[in-house]
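*Asks:* Compute the structure for the input listed below.
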Amino acid sequence: MRSSKNDMEIVGERLRILREREGKTQEDISKVLCTTQQIYSRYETAKTDLPLQHFCTLVRYYNVSSDYIMGNVTFPKIPPELSEPLIQNITIGDFICRINSFNSRSKKMLVDYVNYLTYQEKMDRKEKK
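*Replies:* Residues are numbered from 1 along each chain as shown. Sure thing, here's the model as predicted:
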């Protein structure tokens, strides 16, 4: 569960942490975004909303997950295993995020179904022997 900070405060705090971790100044990052240091400072202090274009640029610049900057996860990078494709254009990480958004009843139904599929595959392998 999140703290009492609002979303923009969390984003601003994460931006500051990332910037300081890289040893960069607000001026350095403002140049990456093609904006002024004053405007960038307002992003970190949550006085101005971070535009989506700048958000995407910073995700790529710092090579972190967007969920980290938004405060949804505590680790800055997605483990490589979660970036692997599961099926079609859905990664393992995408699938986990979708499951995480389910209510408890749906999660239980999904676990029951996965258990059923596991049993079915086990039986199919036995038949092929």
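*Asks:* Give the buried residues for stretch 51-69.
*Replies:* Residues 54-55, 58-59, 61-62, 64-65, 67-69 are the ones in stretch 51-69 that count as buried (16 or more other C-beta atoms under 10 Å). Quick note: C-beta positions are derived from backbone N, CA and C, even for glycine.
*Asks:* okay if I get those residues as TSV plus secondary structure?
*Replies:* Formatted as TSV, the buried residues of stretch 51-69 follow (DSSP: H, G, I helix; E, B strand; the rest coil):
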residue	secondary structure
His54	helix
Phe55	helix
Leu58	helix
Val59	helix
Tyr61	helix
Tyr62	helix
Val64	coil
Ser65	coil
Asp67	helix
Tyr68	helix
Ile69	helix
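*Asks:* Which of those residues lies at the shortest distance from Pro79?
*Replies:* Nearest to Pro79 out of the buried residues of stretch 51-69 is Ser65 (C-beta to C-beta; 9.9 Å).
*Asks:* in terms of contact, does the closest one touch Pro76 like I think?
*Replies:* Yes - assessed by C-beta atoms under 8 Å, Ser65 is found in contact with Pro76 at 6.9 Å.
*Asks:* need the contact list for the residue lying closest to Ser66 once chain neighbours are set aside.
*Replies:* On the basis of C-beta to C-beta, 6 or more residues apart in numbering, the spatially nearest residue to Ser66 that is not a chain neighbour turns out to be Val59, at 5.1 Å. Applying C-beta atoms under 8 Å, 6 or more residues apart in numbering, we find Val59 in contact with 65-66, 69.
*Asks:* Return the member of the residues you listed nearest to Glu13.
*Replies:* Ile69 (9.7 Å).
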